[in-house]
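# below are the sequence and a predicted model; questions follow.
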Amino acid sequence: MNQRRTAYGIAGGLLLVLIIASIMIGAGMFTDSAVASMPPASVEPQALTANIVMQQDDSKPPASTADHSQFEELQQEFATGPEVTAACLRCHTEAAAQIHETLHWTWEYVNPDTGQELGKKNVINNYCVAIDSNEPRCTSCHVGYGYANDEFDFTSENNVDCLVCHDTTGDYKKFPVGAGHPVYETKEFPPGSGKMWEPLDLANIAQNVGATSRNTCGACHFYGGGGAAVKHGDLDPTMANPSYELDVHMSPDGENFTCATCHVEDSHSVSGSRYQAIGKDTHGVDLPASDGNPATCESCHGLRPMQDEQLNDHVDQIACQTCHIPTYAREMQTKMWWDWSTAGRKDAEGKGIVEKDDNGWVTYDTKKGDFVWEKNVTPEYIWFNGTVTYTNLEPFADGAETVPINVLHGGPDDPDSRIWPVKLFKGIQPYDSGNNTLAVPHLFGKDENAYWKSYDWGLALEAGMAAYGADYSGEYGWIETEMLWPLNHMIAPKEQAVSCESCHEDGLLDGMEGVYMPGRDHNELVHNTGVGLAWLAVVGIVVHGGFRFRNGRKNGKNGEK
Amino acid sequence: MIENNGSQKVYVYKRYNRVWHWIQAIQIALLGITGFEIHGSFSLFGFERVTKIHDITAWSLIFMVAFTIFWYFTTGEWKHYVPSGEKASVHLRYYTLGMFKNEPHPGKNKELSRLNPLQRFTYLGFKLLIVPVMVTTGLLYMFYNDLPAFGINLSLEFVAILHTIGAFALLSFFLVHVYMTTTGQTVFTNIKAMITGYEEIEVVEPEPAAGD
């Protein structure tokens, strides 16, 4: 009878434990209602996105209050892009002046923290290296017309290109080697490809201008580095109409964001900078007041964005992107390696070679050397506080094996730093072996110095360095370089976020020192002492038990009745 | 020497005592298994699930401990843990020498003195040292990110190390404790007592209960 009661007691007790656990879960001890007991900073309005994003609804009139096709200024034939701009500026009188202040126009940026002069005009990278002397090719992504050399007039209002950002027809295209102009007469590009570029119906395009879109921004930003998916890894043409799995925010099946939904502009100046990034947004939601960095995740999601408080306890050291971009280039391969040193190889007839892989992606080009592409790449991880410095012409040490194109600053003890995912882009490029600096080649042009004309690195570097304004020793060599790209896009559905196990058990962040990660880290002394203690207990038990057994046998059974 | 026919059934463990003991046993075993997975000793539940189980079990244990303290003080059961100071050496001698010679156990389990001096000392240490250390460091671990707001600045590694030291101490206690249950009259006497509440003990002469 007593035993049965005991059994009931134990069963009841276990039930009690389960009930308590359920009550605690139900009471939200492990979910966000516990926020109430957190410091005030954590009490943030959440999910404001619904207020910000206006979904297109066909049953309503257009969101814009102006139908540009009714404007007399636009009802004319336009021969050139600048003529369109002149028409735009008759109403939008301050637009060009605003553009003139932006990085999209100046291609110049002085980092206020480091004093470094950056922007496309100054940065030397390991893709096409630098702008100087190569303008007409590179400036097909300048938000202007005619930036063909360093004498371009940056005060010209009519040379601002309104259409490249505000086209809604999808017809507007700048000619790849036109210094920012579209074609005004039929041209072939690439030469010999048979691909003809026809003059555009600029009037129709002008009459249909509207807000920027994934397509307009993507026309340049999805093609950085000279082709689709080359540069970023998290921005490529698949982001123009991304699946929900590729990007939950930008997918029409998700929030259908445009780039500008996050990269909020102010007087045409677009927020979100790679030259001076935000490692950790401690301001949180940008409504009602912005901290000036509306493109951060926290600007919409707040400082404790997840339902699980244990996950929220990670955000001081782990950037959102680290878990929510498990891999990048998920649907289109991105360039991971670019070896300029192998460029210049020609076939028996002295013609250029283009080799492609099974998917049709170029792996060798006489003009550019060898490429390696990768799809669905696991990022590298790095402590990053938002400060970036570039090597540019800074001399590096004699015998340096790898030269960083840029350095992302930060560390585990820096309160502004978090662990960020980055694309690591490597390559081999020419350098000034006399001065131990990176070197700028003159690649594009019809003159004999252009590498893509004469395939003579000596001439190309001499001309390129002169255009860049660098002191060139006259001697060059080849050096391996690395460039880091913080990843921000291609946010996967939360079910596909990096799992707890990936870092705590499976070693995804094994390279990240300076932070104590349960599961990965433990103190060896404590561990070994503890294991020793436990074994000592086991040995003691075995010895004690052995004595009992032996003496029990000798003296008769212990506890014999 | 004592004849075994002097044994009698004595009710030593009250019902709540037994229920609480086994629930706590399950909780601590679960905390041990999940804790050492979090420590990195093996992979069983997976990190996400194992931390959840560990946390929920920890909260249930904290609740249980709080309620049991309440029970101890309202029922007077706490007196079992007051160190008697006497005869600890006698018990130590028994477990290290006497029991191998089939000497009788020096202590008599009975109401209000069911724990012998060695047990009192061990369990008091368990309750006053190991459990408070584990609960305190566990809570510091759980609310680590909120500590600075309360003016507490500890490194997570420090908290984790203290919690781990406690865990290893607990592991050793657990091993020896389980082994010690086999040192009764028969191997299962003590476990049976903790289930039924009754223990067959050998009676020599009445002894005054400590603390009375």
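That came through fine.
# pretty sure residue B:106 contacts residue B:89?
No - between residue B:106 and residue B:89 no contact is recorded; they are 10.0 Å apart, counting by C-beta atoms under 8 Å. Quick note: C-beta positions are derived from backbone N, CA and C, even for glycine.
# between the two, who's got more neighbours?
With other C-beta atoms under 10 Å in any protein chain shown as the criterion, residue B:106 and residue B:89 differ in neighbour count, and residue B:106 comes out ahead with 17 against 10.
# that one belongs to a strand, doesn't it?
No - looking at residue B:106 with DSSP: H, G, I helix; E, B strand; the rest coil, it is coil, so not inside a strand.
# that one and residue B:11, how far apart?
21 Å (C-beta to C-beta, to the nearest Å).
# same check on residue A:549?
From residue A:549 over to residue B:11 (counting by C-beta to C-beta), the distance is 31 Å.
# give me the more crowded residue out of the two.
Here residue A:549 and residue B:11 are set side by side on neighbour count (other C-beta under 10 Å), and the busier one is residue B:11, at 15 against 12.
# report the central residue of the chain.
Using chain A here. In chain A, the C-alpha closest to the average C-alpha coordinate belongs to residue A:487, at a distance of 2.9 Å (C-alpha atoms, centre = their mean).
# switch to chain B, please.
Taking C-alpha atoms, centre = their mean, the centroid of chain B lies closest to residue B:123, which sits 5.5 Å from it.
# residues of the stretch 451-561 of chain A that sit close to chain B?
A:499-501, A:504-505, A:516, A:518-523, A:526-527, A:529-531, A:533-534, A:536-538, A:540-541, A:544-545, A:547-548, A:550-552, A:555-556, A:558-561 (C-beta under 8 Å from any C-beta of the partner chain).
# OK, now which residue of chain B is nearest to chain A?
When C-beta to the nearest C-beta is the measure, chain B has its nearest residue to chain A at residue B:168, with 2.8 Å between them.
# which residues does residue 175 contact?
Answering for chain A, as no chain was given. Listed by C-beta atoms under 8 Å, 6 or more residues apart in numbering or on different chains, the contact partners of residue A:175 are A:140, A:181, A:182, A:183, A:187, A:189, A:197.
# switch to chain B, please.
Counting by C-beta under 8 Å, 6+ apart, residue B:175 touches A:534, A:537, A:538, A:541.
# and it, what's its pLDDT?
Predicted confidence (pLDDT) for residue B:175: 94.
# kindly report the same for the one 10 residues further on.
Model confidence at residue B:185, given as pLDDT, is 75.
# which helix or strand in chain B has the lowest average pLDDT?
Considering only helices and strands, the least confidently modelled element of chain B by mean pLDDT, DSSP states H and E is strand B:198-202, at a mean of 72.
# in chain A, what residue lies closest to chain B?
residue A:530 (2.8 Å).
# for that residue, give me phi and psi.
The phi and psi values for residue A:530, taken as degrees, to the nearest 10, are phi -60, psi -50.
# identify the residues contacting it.
If you count contacts by C-beta under 8 Å, 6+ apart, residue A:530 has them with B:164, B:165, B:167, B:168, B:169, B:171.
# go again using 6 Å as the cut-off
Listed by C-beta atoms under 6 Å, 6 or more residues apart in numbering or on different chains, the contact set of residue A:530 reads residue B:168.
# in which helix or strand would I find residue A:86?
In the assignment (DSSP states H and E), residue A:86 maps to helix A:81-91.
# tell me the first helix or strand C-terminal of that helix.
The C-terminal neighbour of helix A:81-91 among helices and strands, as given by DSSP H and E, is helix A:95-100.
# only the buried residues of the very next helix or strand once past that following helix, if you could.
Next helix or strand after helix A:95-100 toward the C-terminus (DSSP H and E): helix A:103-106. The neighbour-count criterion (16 or more other C-beta atoms under 10 Å in any protein chain shown) identifies A:103, A:104, A:105, A:106 as the buried residues of helix A:103-106.
# so what touches helix A:103-106?
For helix A:103-106, contacts defined as C-beta under 6 Å, 6+ apart pick out A:99, A:109, A:143.
# okay, those in TSV with pLDDT and distance to chain B next?
As requested, those are exported to TSV (pLDDT from 0 to 100; distance: C-beta to the nearest C-beta, whole Å):
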residue	pLDDT	distance to chain B
A:99	98	44
A:109	96	35
A:143	97	43
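# so where is chain B shaky, pLDDT-wise?
Along chain B, the parts satisfying pLDDT under 70 run over B:1-7, B:83-88, B:107-116, B:201-212.
# could you pull out the helices for it?
The residue ranges that make up the helices of chain B, judged by DSSP state H, are B:15-39, B:47-75, B:88-96, B:117-125, B:131-142, B:156-180, B:189-196.
# could I get those in JSON lines, plus columns for distance to residue A:272?
As requested, the helices of chain B are exported to JSON lines (distance: least, C-beta to C-beta, whole Å):
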{"stretch": "helix B:15-39", "distance to residue A:272": "38"}
{"stretch": "helix B:47-75", "distance to residue A:272": "32"}
{"stretch": "helix B:88-96", "distance to residue A:272": "71"}
{"stretch": "helix B:117-125", "distance to residue A:272": "58"}
{"stretch": "helix B:131-142", "distance to residue A:272": "36"}
{"stretch": "helix B:156-180", "distance to residue A:272": "32"}
{"stretch": "helix B:189-196", "distance to residue A:272": "65"}
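# follow-up on the earlier one: list only buried entries from the contacts of residue B:175.
Among these, those scoring as buried are A:534, A:537, A:541 (criterion: 16+ other C-beta under 10 Å).
# now do residue A:53, the pLDDT please.
Here, the pLDDT recorded for residue A:53 equals 46.
# next: residue A:496.
The per-residue pLDDT of residue A:496 was computed as 97.
# need phi/psi at residue A:430.
Backbone torsions for residue A:430, taken as degrees, to the nearest 10, come to phi -70, psi 150.
# what does residue A:135 give?
Per degrees, to the nearest 10, the residue geometry at residue A:135, taken as phi and psi, is phi -50, psi -50.
# which residues of chain B lie near chain A?
Residues of chain B that fall close to chain A, judged by C-beta under 6 Å from any C-beta of the partner chain: B:4, B:15, B:18-19, B:22-23, B:38-40, B:43, B:46-48, B:56, B:59-60, B:63, B:100, B:102, B:145, B:149, B:156-157, B:161, B:164-165, B:168, B:171-172, B:175-176, B:179, B:185-186, B:195-196.
# and stretch A:417-431, which residues are buried?
A:417-423, A:425-431.
# same question for stretch A:147-156.
Using 16+ other C-beta under 10 Å as the burial criterion, the residues of stretch A:147-156 that qualify are A:147, A:152, A:156.
# can you check stretch A:465-479 too?
Those buried within stretch A:465-479 under the rule 16+ other C-beta under 10 Å are A:465, A:466, A:467, A:468, A:470, A:472, A:476, A:479.
# and those residues as JSON lines, adding secondary structure and pLDDT?
Formatted as JSON lines, the entries for these read as follows, by DSSP: H, G, I helix; E, B strand; the rest coil; pLDDT from 0 to 100:
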{"residue": "A:465", "secondary structure": "helix", "pLDDT": "97"}
{"residue": "A:466", "secondary structure": "helix", "pLDDT": "97"}
{"residue": "A:467", "secondary structure": "helix", "pLDDT": "96"}
{"residue": "A:468", "secondary structure": "helix", "pLDDT": "96"}
{"residue": "A:470", "secondary structure": "coil", "pLDDT": "96"}
{"residue": "A:472", "secondary structure": "coil", "pLDDT": "97"}
{"residue": "A:476", "secondary structure": "strand", "pLDDT": "97"}
{"residue": "A:479", "secondary structure": "strand", "pLDDT": "97"}
